[in-house]
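In: Using only what follows, build the 3D model:
(chains A and B)
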Amino acid sequence: MPSLGHYIILAIILFLIGLFGFLTRRNLIIILISIEIMLNGLIVLFAAISHFTKDISGYIIVFFIIAMAAAEAAIGLSLVVLIYRRLRTIYSDEIIHFKG
Amino acid sequence: MGITLNFSVILTEIIFVLISSLIFLIDKFIKNKNYAFYITLITLVLAFYIVLFVPFGEFTYAYKADFYSSVIKLFLVGGTLLISLISYSYLQYYVNLNSGEYYGFLLFSLVGAFLMLSGMDLVTIYLAMELMSFPVYFLIALNYTYYRASLEGALKYFIVGSLGSIFILIGLGVIYYFGGTFLLQEIFNKLAQNFYFKEFLIGFIFLLIGFSIKLSLVPFHMWAPDAYESAPVPITSFIAGIVKFAVMATLVKIILIGFNPLKIEIGEIFIPIILASILIGNVMAIKQDNIIRMLAYSSIAHAGYAGLGIISADYAGYSFTIFYMLIYLIMTIGIFGILALLANYKRELLHIPSMASLCEKAPFISFLILVFMFSLAGIPPTAGFIAKFYVFMSLIKTKYVWVALIAIIFAIIGAYPYLRVLKVIYMDKEPLEFYFKYDFAFLIPVVLTALLVLLIGVYPKPWTDIIYKTMYFYISSLFYYS
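Out: Below you'll find the predicted structure:
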């Protein structure tokens, strides 16, 4: 039976994987996926805390975060599709109009 | 004490959500796109009355309409009313933007700001902040038909904003792990009994990162100039004025109700952030040639000046923070209204060196620019001076004289970019082709804000009084509960 500490370690590992991908990758789709991975780590954290402290509000915020992640993914994907159609690229180091 | 479902308390938000959904539904079937502007105008005027007459009270534990949130909602509704007027005259020239979605997103974003201001719960505040910022990404990206790079600005704002929301969630996780609650009132009770001081402070720092991304304070300011430049001009004033005002007011509310026992430590955390934002905002504004980029950097600096009131950790200081943001809202609406007029007739005029000898073609507009630039730089007969004066005075009263001195030196540096615009307009002589005619929807917001700037600069007492009284009610309610 895993304890709360295990779940927190899992959440931190997921979050760090997402943060690493967010900072190093140049593909916009991968950046969006990394954001989702970070949000999933936070979902694990809230659900675990809520399960072990027998408090209901953690479960509630889990559902809110899932809905918010879906909305964020929709916005991000629509922006990326628009960028691909207009600028013909999805690599963040080729979108260099603004400087400084 | 049971849960109360008092629907009359959230009447404003219900009406706003219904009407903006209605705009999205019927937009496909109406040819003349100006209908959305009239619906928005009527809604906002109606909202002005509803906010005045809505009863104070709670809707479950998560929402509470009180004096503070209602007063700030009034300011926000007034600001959005003026911005929608500016948008009307702007969209007559940029026709592809002129669709119902523009105003629908504006109203949705305003609903988010309302819910955020009256949220009594960190979860509600987080969700409402997302509701406030999601429509803004679309509003920036809408501009791509005229300015292809605006997609890049929208994308940068989106990525940085989603990172900020993740940081807010980490802060919520830390607070929930140690405190076991999201309610601001219970956080206050736990802190008042000296539980988990350090842990709550760490949680608040993560919250602060998320909030300072929205406020574009310094380590997280890189998105601001790009997003501001790529947005349509009225939307830029919406981001700089309304969104920042709502976020700053919510931050002050969180500190007042939730983290009140920690407020001195929070002020000390703020010192390096605020001084760095004032310095970098002012120094980077010097070398910008595009006036919108210049105003974007200056908005970073102005968020810094407003934050000086939070450093002082004093209730009067907090009220001066809100007052500063109110003045900044007024100034931004005015100056961006003028820039929208210039962009309507000749978009090249947004480039500062090409503004030369504007004073011969358009003396009245040049005079209005002079008033707003003096106010932004903080020169006495205008409201910008009074706002800066109060903020610095609250710092000096609470023994942070060195912070006030450094900030004043940075403010002197910051006067240069504004005065440079005036120098180009009034002293440089170059032939300029520029024809325009005055427009009803342009004159009302700009002249009104210019008069307000001069009026508050001469007689600021009623405005500071009303803001201080809202703070006073909060303090008395805190003593009543604990």
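In: any idea of the pLDDT on residue 40?
Out: Let's take chain A. Per-residue confidence (pLDDT) for A:Asn40: 93.
In: meant chain B actually
Out: 92.
In: surely it meets B:Ile83?
Out: No: taking contacts as CB atoms under 8 Å, B:Thr40 lies outside contact range of B:Ile83: 10.1 Å. Placement of C-beta: from N, CA and C, glycine included.
In: okay, and the common contacts of the two?
Out: Applying CB atoms under 8 Å, 6 or more residues apart in numbering or on different chains, one finds that B:Thr40 and B:Ile83 are jointly contacted by B:Leu106.
In: Residue 94: what's its closest spatial neighbour, skipping adjacent residues?
Out: Answering for chain A, as no chain was given. Distances taken as CB to CB, 6 or more residues apart in numbering or on different chains put A:Leu87 closest to A:Glu94, at 8.0 Å, once the chain neighbours are dropped.
In: Let me rephrase: I mean chain B.
Out: B:Tyr146 (6.1 Å).
In: my guess is that neighbour meets B:Asn96, correct?
Out: Yes: using CB under 8 Å, B:Tyr146 makes contact with B:Asn96 at a distance of 7.1 Å.
In: burial measure for whichever residue of the stretch 101-250 of chain B sits closest to chain A, as a count.
Out: The stretch 101-250 of chain B approaches chain A most closely through B:Ala149 (3.8 Å), counting by CB to the nearest CB. B:Ala149 sits with 18 neighbouring residues when counted by other CB atoms under 10 Å in any protein chain shown.
In: Show the pLDDT at B:Leu256.
Out: Reported pLDDT for B:Leu256: 89.
In: so it touches B:Met471, yeah?
Out: Yes: contact criterion CB under 8 Å: B:Leu256 and B:Met471 qualify, at 7.3 Å.
In: about what we covered before: for the closest residue in space to the residue of the stretch 101-250 of chain B closest to chain A that isn't next to it in sequence, which three-state class applies?
Out: Nearest residue to B:Ala149 in three dimensions, chain neighbours excluded: A:His97, at 3.8 Å (CB to CB, 6+ apart). The three-state label given to A:His97 by DSSP: H, G, I helix; E, B strand; the rest coil is coil.
In: Does B:Gly304 touch B:Leu217 like I think?
Out: Yes: the pair B:Gly304 / B:Leu217 is scored as a contact, 6.8 Å apart, by CB under 8 Å.
In: Compare these two and say which one has the larger neighbour count.
Out: B:Gly304 (29 against 25).
In: Tell me if I am right that the more buried one is in a strand.
Out: No: counting by three-state DSSP, B:Gly304 is not part of a strand but helix.
In: for it, what are its contacts?
Out: With CB under 8 Å, 6+ apart, B:Gly304 has these contacts: B:Leu217, B:Val218, B:Ile274, B:Leu275, B:Ala276, B:Ser277, B:Ile278, B:Gly281, B:Ala407.
In: Any idea how many residues pack against the second one?
Out: Around B:Val218 there are 21 other residues, counting by other CB under 10 Å.
In: Please look at it and B:Ala276 and confirm they touch.
Out: Yes: taking contacts as CB under 8 Å, B:Val218 lies within contact range of B:Ala276: 4.2 Å.
In: quick one on the thing from earlier: so which of the contacts of B:Gly304 are in strands?
Out: Assigned to strands by DSSP state E, none of the contacts of B:Gly304 qualify.
In: Which ones among the residues you listed lie within helices?
Out: Residues from the contacts of B:Gly304 lying in helices, with DSSP state H as the criterion: B:Ile274, B:Leu275, B:Ala276, B:Ser277, B:Ile278, B:Gly281, B:Ala407.
In: closest to chain A among these?
Out: The closest of those, once distances to chain A are taken by CB to the nearest CB, is B:Gly281, at 13.8 Å.
In: For stretch B:311-318, C-alpha coordinates in CSV please.
Out: C-alpha atoms of stretch B:311-318 as CSV (Å, rounded to 0.1, in the frame of the first residue of the first chain):
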residue,chain,number,x,y,z
ILE,B,311,5.9,46.9,0.5
SER,B,312,4.7,49.4,3.1
ALA,B,313,2.6,46.6,4.7
ASP,B,314,0.1,49.2,5.9
TYR,B,315,-3.6,49.5,5.2
ALA,B,316,-3.2,53.1,3.9
GLY,B,317,-0.5,51.8,1.6
TYR,B,318,-2.7,49.1,0.2
